[in-house]
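> curious how this folds, go ahead:
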Amino acid sequence: MQKSEITLNNLQKQLSERERDLRIEFASLTKKEKDILMKTVKLQEEVGELANDILSVLSLQRKSKLEHFKKKNLYQEFADVTLSIIALANALGVDLDRAIKDKLKIILQEYSKDK
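Numbers count the residues shown, from 1 in each chain. Below is the predicted model of the structure:
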């Protein structure tokens, strides 16, 4: 048996042939589960946009992106991430006040010991 060469075309073909075996059946998700999935994807999009603006603040973006960057965008991206987190927390029934208080307690009591 000849070992096939690993190329992008071969990988695409292999994954295409096995797609049904690998696929997660999203059709079975409820409306609420689809909403949670959509909000999770939206959060990832907003985090990516924030990361791009942070790279701009650090002048680590390509010149064309730096020319169009405005610091006001950074503030908007922080707001977008925060609002996306709140929307996702609401969809999952997470009490953010409690979550933040509990995590802050752990950070201040435990993480500070690891310095």
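> dump the residue contacts of Q61.
Counting by CB atoms under 8 Å, 6 or more residues apart in numbering, Q61 touches N52, L55, F69. C-beta coordinates here come from the backbone N, C-alpha and C atoms, glycine included.
> got the phi/psi numbers for the last one?
As for F69, its main-chain torsions (degrees, to the nearest 10) stand at phi -70, psi 140.
> which regions of this structure lie under the pLDDT threshold?
1-4, 115 (pLDDT under 70).
> could you redo the last one with a cut-off of 50?
1 (pLDDT under 50).
> in it, what residue spans correspond to strands?
With DSSP state E as the definition, the chain shows no strands.
> against which helices or strands is the longest helix belonging to it packed?
Under DSSP state H, the helix in the chain containing the largest number of residues is helix 31-57. Identification of packing neighbours for helix 31-57 by 3 or more CB pairs under 8 Å, 6 or more residues apart in numbering; DSSP states H and E yields helix 63-68, helix 71-92.
> and E77, how many neighbours?
Around E77 there are 19 other residues, counting by other CB atoms under 10 Å.
> tell me the centre residue of this protein?
Q44 (2.5 Å; CA atoms, centre = their mean).
> didn't N52 look like it was pressed against K65?
Yes - the criterion here is CB atoms under 8 Å, and N52 meets it with K65 at 7.3 Å.
> the two: which is more packed in?
Shown here are N52 and K65; by other CB under 10 Å, N52 has more neighbours (16 against 13).
> which residues does the more buried one contact?
With CB under 8 Å, 6+ apart, N52 has these contacts: Q61, K65.
> from Q76, how far off is it?
From N52 across to Q76, the span is 12 Å (CB to CB, to the nearest Å).
> what's the answer for S56, then?
In terms of CB to CB, S56 sits 13 Å off from Q76.
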